[in-house]
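**Q** give me the fold of what follows.
(2 chains)
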Amino acid sequence: NAGVTQTPKFQVLKTGQSMTLQCAQDMNHNSMYWYRQDPGMGLRLIYYSASEGTTDKGEVPNGYNVSRLNKREFSLRLESAAPSQTSVYFCASSKTGADTEAFFGQGTRLTVV
Amino acid sequence: GQSLEQPSEVTAVEGAIVQINCTYQTSGFYGLSWYQQHDGGAPTFLSYNALDGLEETGRFSSFLSRSDSYGYLLLQELQMKDSASYFCAVRGNQAGTALIFGKGTTLSVSS
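**A** The predicted structure is shown next:
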């Protein structure tokens, strides 16, 4: 049982480049989330999708877009990467938006130079 | 919006008991969760309190006081493997929205 799978695990981008972080879950969960984690800042919510077909902004959405491709997949896109977007990105899912337990992927370590 | 406050660091020795506090502000409350994250790893769920009182899961317990907007995670019989970051989290101000996390408490357990 894979759980939540993120790709890639590591990425280095140049300022201004674009890229898409992929996330897929095999637990038939309805809700999916993207967080970023920076030292001393905890996990900050970027975007979330309470159910297939819906997406909403979180605490720090600027510079990002998301797509809920289907029930399994939720991607995060950086259109024009900036050094401030250097971070560890985590995708997570839960059975429903009201569910108490979220399951996290292993993270994508992104460096923008 | 929501905000959570927790200490940034806690140190303890093996076998000891440590308490990690969390105070929160949220316009609607749907429970307080706790997550553990080892260095370089992903956060994993530890416990959840929707009602006042103590929830016990093995060596870990979590407490909630809704009237005080306060909770804590209690770790007993500390082991070296408990060295990790611990996050409290609340759900957004509407049912069905995502978890909002505190900045985390780094626990260092020494021998």
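**Q** quick one: pLDDT of the residue positioned nearest the centre of chain A?
**A** The geometric centre of chain A, computed from its C-alpha atoms, lies nearest to A:Trp34 (Cα atoms, centre = their mean), at 2.9 Å. Listed pLDDT for A:Trp34 reads 97.
**Q** show me the strands in chain A, by range?
**A** Using DSSP state E, the strands found in chain A span residues A:4-7, A:10-13, A:19-25, A:31-38, A:42-49, A:56-57, A:64-68, A:74-78, A:87-94, A:103-104, A:108-112.
**Q** over to chain B?
**A** In chain B, the strands defined using DSSP E lie at B:2-5, B:9-13, B:18-26, B:32-37, B:44-49, B:53-57, B:60-65, B:70-75, B:84-91, B:99-101, B:105-110.
**Q** so which of those strands comes closest to A:Val12?
**A** Smallest distance to A:Val12 across the strands of chain B (Cβ to Cβ): 23.5 Å, for strand B:32-37. Yep, even glycine has a C-beta here, placed from its N, CA and C like the rest.
**Q** pretty sure the residue nearest to the centre of chain A contacts A:Val88?
**A** No - using Cβ atoms under 8 Å, A:Trp34 makes no contact with A:Val88, being 11.6 Å away.
**Q** save the strands of chain A as JSON lines, and put in distance to B:Asn21 too.
**A** As requested, the strands of chain A are exported to JSON lines (distance: least, Cβ to Cβ, whole Å):
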{"stretch": "strand A:4-7", "distance to B:Asn21": "29"}
{"stretch": "strand A:10-13", "distance to B:Asn21": "35"}
{"stretch": "strand A:19-25", "distance to B:Asn21": "32"}
{"stretch": "strand A:31-38", "distance to B:Asn21": "21"}
{"stretch": "strand A:42-49", "distance to B:Asn21": "15"}
{"stretch": "strand A:56-57", "distance to B:Asn21": "30"}
{"stretch": "strand A:64-68", "distance to B:Asn21": "32"}
{"stretch": "strand A:74-78", "distance to B:Asn21": "33"}
{"stretch": "strand A:87-94", "distance to B:Asn21": "24"}
{"stretch": "strand A:103-104", "distance to B:Asn21": "24"}
{"stretch": "strand A:108-112", "distance to B:Asn21": "30"}
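**Q** nice, that's everything, thank you.
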